[in-house]
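Q: sequence first, predicted coordinates after that:
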Amino acid sequence: MIRRHPHVFGGEAIETADAQTLAWEDQKAQEREARAAADGRRPSVLDDVAIGLPALTRALKLQKRAARVGFDWADAELVIDKLREEILELEDELKVNSKPVNQDRVRDEVGDLLFTCVNIARQLGIDPEGALKDGNAKFERRFRQLEDDISAAGSSPEALTLDQLEEAWQTAKRQTG
């Protein structure tokens, strides 16, 4: 605690929050290097990104760490291009292995897709966890509206075709925003 906060516990003066963040990151890098040396391995900028973090949070932290050493896209549009590439890879995997699908390979491609989505959020300055929470809430609000509308019409979702459900979904979207 004392070593990581010399501006609080020592004689160092750190003027800005950005400078404090840089000093903090430098100190953590030195600690990672010392641990790696003690373990007889090469240090990595990715060392100490906790495995137990929620996947979206860990993806974001991994990407931020890699970006610190220049491994980053110049802007969100380039990441969107990468997203399109990842979608094509998933589609190819589904075509190549049409039936039965190789779940391990499909899972791998879906993971790449999600990782890329986190990168888009990061590039745009959006917290991916918060964005997904908001997306979940929006979906739930719309789906509950869909259920209410279908029930008011004397039916149930199970009784409708997919086309009818899509029409009800579009109506619910208009009603809930």
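A: Thanks, I have the structure now.

Q: scan the chain for its longest helix.
A: When the chain is scanned for its longest helix (criterion: DSSP state H), the result is helix 128-152.

Q: buried residues in that one?
A: Pro128, Glu129, Ala131, Arg142, Gln145, Leu146, Ile150 (16 or more other CB atoms under 10 Å). Every C-beta, even on glycine, is put in place using the N, C-alpha and C of the backbone.

Q: show me which of the residues you listed is closest to Ile51.
A: Glu129 (17.1 Å; CB to CB).

Q: so what does the host helix or strand of Leu56 touch, helix or strand wise?
A: Per DSSP states H and E: Leu56 is located in helix 55-68. Helices and strands touching helix 55-68, by 3 or more CB pairs under 8 Å, 6 or more residues apart in numbering; DSSP states H and E, are helix 103-123, helix 128-152.

Q: put the alpha carbons of it into CSV.
A: Written as CSV, here are the backbone C-alpha positions of helix 55-68 (Å, rounded to 0.1, in the frame of the first residue of the first chain):
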residue,chain,number,x,y,z
ALA,A,55,-15.6,-12.7,-18.6
LEU,A,56,-16.7,-9.3,-19.9
THR,A,57,-14.6,-7.5,-17.3
ARG,A,58,-11.6,-9.7,-17.8
ALA,A,59,-11.8,-9.2,-21.6
LEU,A,60,-11.8,-5.5,-21.1
LYS,A,61,-8.8,-5.6,-18.7
LEU,A,62,-6.9,-7.9,-21.1
GLN,A,63,-7.5,-5.5,-24.0
LYS,A,64,-6.6,-2.4,-22.0
ARG,A,65,-3.3,-4.0,-20.9
ALA,A,66,-2.5,-5.1,-24.5
ALA,A,67,-3.3,-1.5,-25.7
ARG,A,68,-0.8,-0.1,-23.3
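
Q: fine by me, thanks again.
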